[in-house]
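A.B. asks: Next comes the sequence, and after it the predicted model I'd like to discuss.
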Amino acid sequence: MQSTLSISALFIGTILASCSAKSEKKQEATAPTLPVIQLIQQDATLDRDYASNLEAVQNVEVRARVAGFLDKILVDEGKPVHKGQLLFQLNPTEFQVEVDRAQSNLQSATAQAESAEVEMGRVKLLVDKNVISPSELKLARSKMATARAGINAAKSALAKARFHVSLTSIRAPFDGVINRIPFKQGSLIEEGALLTSISDLRQMYAYFNVSEKEYLSFIKKRLDPDKTTVREVDLLLADDTAYPLKGKIETTETEFEDNSGTIAFRATFPNPKRLLRHGSTGKIRVSTDVDDAVLVPQKAVFEVQDKNFVYVVDAQNKVSSRSFVPRSRVDQFYIVQSGLKPGDRIVFEGIQSLKDGMSIVPKPLPAKSLQALYAAAR
């Protein structure tokens, strides 16, 4: 009886072992073959984009300093001008009349001064002969001083009148490009009216705001270049194309904005072809070199409740989800801050159908593949 039971147990064990082997083979046969990457450390470049406003290094409003009719417009909108070039001519007739009047007043004052000088000489002679009292000489000298003061006043009035005439000729304050001209020839221009504006487009300022945390990070990196080096900045135009010339961050504002908690940086870009214009927009891209970064491809990452996960492959080729904290994102990759380390194997593609505990057939991708992918994304 015992012999029969032993044979039965052996037979059942054989069957179970056979079924288990068949089950494992079946699982292996149904396990998906997926590409797997082993994480490594490598140098990377971290890019951050900031909305930017562009301003000309000089952008000045040209206004009329006197009133008058606009006789001539000697420039056109959008055209380059040079310092001192005549732009607008107001009718100077009214101011020329003032000049003529001031010249006449100066001649009259000069004649009065000459007469007062002759009179003072005559009075002095009479005083010296004791014909009249010394008080008469004092009075003559006072008249002479008044006459000379009249000459000075007339000269000032003449200079002012001539200055007003000069203001009817409106010239460029510096080399630049003319902007919109709102008036037409023959218009009556009031004092202070905006005639146009001039932009010096040889260089452009790009202003962009960063948070206090980013500001501190930027300043510290500049002070400690052995760890991380902040490169020259790039400019992305409004159509997302790259501006061909690099700019340099030169200065920052001194105060953070209360409402946003940000501070403005200013980068300067050369603009030899005048492609950039005053008032245009773009994005400033600040690139930072990061040494020994652990990169995770974006396509290997999935999100659950605002957390980032990947599927890690263990030694038995079973997958399990693991969360990680990204430091930042570079193109199609995340730079890992914590949660993953060099040597971890993660599923590169096909994560949509995976679940914890599933077995896969890993198809290893060489480390250089990830490097090539990163280079291609750059």
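C.D. replies: Good, I have the coordinates. Numbering: from 1, shown residues only.
A.B. asks: Show me what the lengthiest strand in the chain pairs with in its sheet, parallel or antiparallel.
C.D. replies: In the chain, taking DSSP state E as the definition, the longest strand is strand 41-63. The partner list of strand 41-63 in its sheet, established with DSSP bridges, is strand 194-211 (antiparallel), strand 281-297 (antiparallel).
A.B. asks: mind listing the helices for the chain?
C.D. replies: 2-30, 93-128, 134-167, 212-223, 367-377 (DSSP state H).
A.B. asks: and those, which one's lowest on average pLDDT?
C.D. replies: Of all the helices of the chain, the minimum mean pLDDT falls on helix 2-30 (a mean of 49).
A.B. asks: what about stretch 274-287, how long is it end to end?
C.D. replies: Stretch 274-287 has its terminal residues 25 Å apart, counting by C-alpha to C-alpha, to the nearest Å.
A.B. asks: nope, stretch 312-321 is what I was after
C.D. replies: Length of stretch 312-321, first residue to last, C-alpha to C-alpha: 6 Å.
A.B. asks: So for it, mean pLDDT?
C.D. replies: What stretch 312-321 shows for mean pLDDT is 94.
A.B. asks: And that stretch, how far out from the chain middle?
C.D. replies: Its chain's average C-alpha position is 47 Å from that of stretch 312-321, according to C-alpha atoms, centre = their mean, to the nearest Å.
A.B. asks: How about the longest strand of the chain, which residues are buried there?
C.D. replies: 42, 44, 46, 48, 50, 52, 54-59, 62 (16 or more other C-beta atoms under 10 Å). For glycine as for every other residue, the C-beta is placed from the backbone atoms N, C-alpha and C.
A.B. asks: quick one: which of the strands paired with strand 41-63 is nearest residue 319?
C.D. replies: strand 281-297 (15.2 Å; C-beta to C-beta).
A.B. asks: How far away from the center of its chain is that closest one?
C.D. replies: Worked out by C-alpha atoms, centre = their mean, strand 281-297 lies 18 Å from the chain centre.
A.B. asks: can you list the domain ranges for the protein.
C.D. replies: 31-44+291-377, 48-56+201-290, 92-167 (automatic domain parsing).
A.B. asks: Compare those and give me the one nearest residue 195.
C.D. replies: Across the domains of the chain, closest to residue 195 is domain 92-167 (C-beta to C-beta), at 12.1 Å.
A.B. asks: For that closest one, measure first residue to last.
C.D. replies: This stretch, domain 92-167, spans 9 Å end to end (C-alpha to C-alpha).
A.B. asks: just stretch 167-179 next, same as before
C.D. replies: 21 Å.
A.B. asks: what's the answer for stretch 247-262, then?
C.D. replies: Start-to-end, stretch 247-262 (C-alpha to C-alpha) is 21 Å.
A.B. asks: Number the residues from 237 up from this point.
C.D. replies: Done: numbering now begins at 237, and the last item shifts to stretch 483-498.
A.B. asks: Would you mark the buried spots in it?
C.D. replies: Buried residues in stretch 483-498, counted by 16+ other C-beta under 10 Å: 483, 485, 498.
A.B. asks: for stretch 365-382, same thing?
C.D. replies: 372, 373, 376, 379, 380.
A.B. asks: Now do the contacts for the residue nearest to residue 416 when sequence neighbours are not counted.
C.D. replies: What sits nearest to residue 416 in space, not counting adjacent residues and going by C-beta to C-beta, 6 or more residues apart in numbering, is residue 313, at 5.7 Å. Counting by C-beta atoms under 8 Å, 6 or more residues apart in numbering, residue 313 touches 414, 415, 416, 417, 432.
A.B. asks: same check, this time on residue 319
C.D. replies: Applying C-beta under 8 Å, 6+ apart, we find residue 319 in contact with 408, 409, 410, 411.
A.B. asks: Pick out the most distant pair among those residues.
C.D. replies: With C-beta to C-beta as the measure, no two of those lie farther apart than 409 and 411, at 9.4 Å.
A.B. asks: gap between the closest residue to residue 396 other than its chain neighbours and residue 402?
C.D. replies: With sequence-adjacent residues excluded and distances taken as C-beta to C-beta, 6+ apart, residue 396 is closest to residue 338, at 7.5 Å. For residue 338, the distance to residue 402 (C-beta to C-beta, to the nearest Å) stands at 14 Å.
A.B. asks: So between those two, which is more surrounded?
C.D. replies: residue 338 (20 against 14; other C-beta atoms under 10 Å).
A.B. asks: May I ask you to confirm that the more buried one is in contact with residue 400?
C.D. replies: No - using C-beta atoms under 8 Å, residue 338 makes no contact with residue 400, being 10.1 Å away.
A.B. asks: Now the phi/psi pair for residue 404, please.
C.D. replies: phi -70, psi -20 (degrees, to the nearest 10).
A.B. asks: Relative to residue 288, how far out is it?
C.D. replies: For residue 404, the distance to residue 288 - C-beta to C-beta - is 40 Å.
A.B. asks: and if you look at residue 405?
C.D. replies: From residue 405 to residue 288 the distance is 38 Å (C-beta to C-beta).
A.B. asks: and what of residue 568?
C.D. replies: In terms of C-beta to C-beta, residue 568 sits 24 Å off from residue 288.
A.B. asks: any low-confidence regions in the stretch 487-614 of the chain?
C.D. replies: 567, 603-614 (pLDDT under 70).
A.B. asks: quick one, strands of it?
C.D. replies: Taking DSSP state E, counting those that start in this stretch, the strands of the stretch 487-614 of the chain run over residues 498-506, 517-533, 538-540, 543-549, 555-566, 569-574, 581-583, 597-601.
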